[in-house]
Each structure stands twice: as structure tokens, then as C-alpha cells.
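Chemist: 3D model of this:
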Amino acid sequence: MMNRWVDRFGRTGFAAVTSLIWALPMAAWAGSADLSPIDKTAYPWIALAIGVVMFAVWIFLLTRLGQISVAPRQRRLDLAQMSRSEKRWTLALVAFGAGLIALLNGAATVDWGPFAGAIRDGKAGPILLAVGLIVYLAVMLAGIWISWRRSRAAFVQRRNQLA
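Modeler: The predicted structure is shown next:
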């Protein structure tokens with residue numbers, strides 16, 4: 001199965017995709033660590049332990065990666081094959097995606113009750129903050145959409161030039 005994934009994504013793409021096996025538990029740990037002192041219902045050390053174990057599994061997978069042969073062909077996430085434009089737009093896609101994840105992670109760990117009450121009362125500061133958050137969300141979503149389209153177009157152009 002690992003050979004099939006590496007052949008499909010390339011070595012760089014495989015490393016990037018499989019990094020989610022430890023990145024997601026670590027994000028859960030970060031979110032639950034924020035909540036744990038307050039409500040005593042979150043168990044951050046469990047998520048941290050899972051993340052650390054999965055990080056070790058990921059490192060193990062990466063050490064085996066060089067031994068897998070890959071057929072020479074164009075791959076979407078192979079840094080060595082990417083054009084300069086494709087690298088730039090893929091980096092933008094990753095940056096906007098990380099910004100969206102940061103917003104969602106922050107939103108998941110905040111008690112919105114006082115904020116909603118302040119907005120209902122018509123206080124200017126919370127209203128401006130809400131507008132700012134909505135604008136930030138719109139920018140992240142638009143950035144993801146635009147950079148995805150441009151990155152994909154750069155890949156298609158690279159693939160068509162070499163075909």
C-alpha cells in the first residue's frame with residue numbers, strides 16, 4: 001500500500017499527506033490544552049500521547065521512503081518537478097489553508113457567550129472584531145480558492161508542456 005501511495009503522490013507528496021497522521025492529533029492537543037484548565041473535561045495528555053506516537057510512526061515511514069522506487073512521471077506534489085509558479089501558488093495555498101485552520105482552531109476554543117452578548121448590546125469593539133473575523137474568513141476562503149485554481153493551472157501547464 002505504501003508503494004502505491006508513493007507512486008501516486010511522489011516522495012514529497014507522500015511525506016506531506018502522511019504528515020496529517022501526527023499534525024491532526026497535535027492540533028487536537030493544542031485545542032484541548034486550552035480548554036482543560038477551565039472545564040476539566042478535556043484530556044490534552046491523551047491527544048498529546050497519540051500525536052507523539054503518530055509522529056514516531058511518521059518518522060519511521062519517512063525513513064523507509066528512500067527505498068521505494070517510483071516510476072518516472074509527472075506528479076502533482078513533487079517539489080523537484082514543480083515549476084516556479086506552481087511552487088509559489090502551492091505555498092500560497094498552504095498558507096491560506098493554515099490561516100483557515102488557525103481561525104477554526106481558535107474559534108473552537110473560545111467561549112462565544114460573552115462575545116455574542118456584547119454584540120447584542122451594540123458595543124462597537126465586539127462588532128468591529130466580528131466584522132474583522134468575517135473579513136478574515138472571507139480572505140482565507142478566497143485565497144484558498146484562487147491559489148488552488150492557480151496551482152492546478154500551473155500543474156496542468158507543466159504536464160502539458162512535457163507531454
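Chemist: what pLDDT, on average, does the lengthiest helix in the chain get?
Modeler: If you go by DSSP state H, the chain has its longest helix at helix 124-162. When pLDDT is averaged along helix 124-162, the result is 93.
Chemist: Packing partners of it?
Modeler: Based on contacts counted as 3 or more C-beta pairs under 8 Å, 6 or more residues apart in numbering; DSSP states H and E, the elements that helix 124-162 packs against are helix 84-108, helix 113-120. To be clear about C-beta, it is placed using only N, CA and C from the backbone, and glycine gets the same treatment.
Chemist: Give the buried residues for the last one.
Modeler: I take that to be helix 113-120. By neighbour count with 16 or more other C-beta atoms under 10 Å, helix 113-120 contains the buried residues A118.
Chemist: any residues touching that helix, and which ones?
Modeler: With C-beta atoms under 8 Å, 6 or more residues apart in numbering as the contact definition, helix 113-120 has outside contacts at 125-127, 129-130.
Chemist: Between those residues, which sits nearest G106?
Modeler: Out of those, the one with the shortest distance to G106 is L129. That distance is 12.1 Å, counting by C-beta to C-beta.
Chemist: Tell me who's in contact with the closest one.
Modeler: With C-beta under 8 Å, 6+ apart, L129 has these contacts: F115.
Chemist: Kindly report the same for V57.
Modeler: With contact set as C-beta under 8 Å, 6+ apart, V57 has these partners: 21-22.
Chemist: likewise S151?
Modeler: For S151, the contacting residues are 86, 89-90, 92-93, taking C-beta under 8 Å, 6+ apart as the criterion.
Chemist: rewinding a little: filter the contacts of helix 113-120 to the buried ones?
Modeler: Under a neighbour-count criterion of 16+ other C-beta under 10 Å, the subset of those counted as buried comprises P126.
Chemist: List just the nearest of the contacts of helix 113-120 to G51.
Modeler: Using C-beta to C-beta, L129 comes nearest to G51 of the contacts of helix 113-120, at 30.9 Å.
Chemist: Quickly find the element holding M54.
Modeler: When elements are assigned from DSSP states H and E, M54 belongs to helix 44-65.
Chemist: any idea how far L24 lies from G51?
Modeler: According to C-beta to C-beta, to the nearest Å, L24 and G51 sit 8 Å apart.
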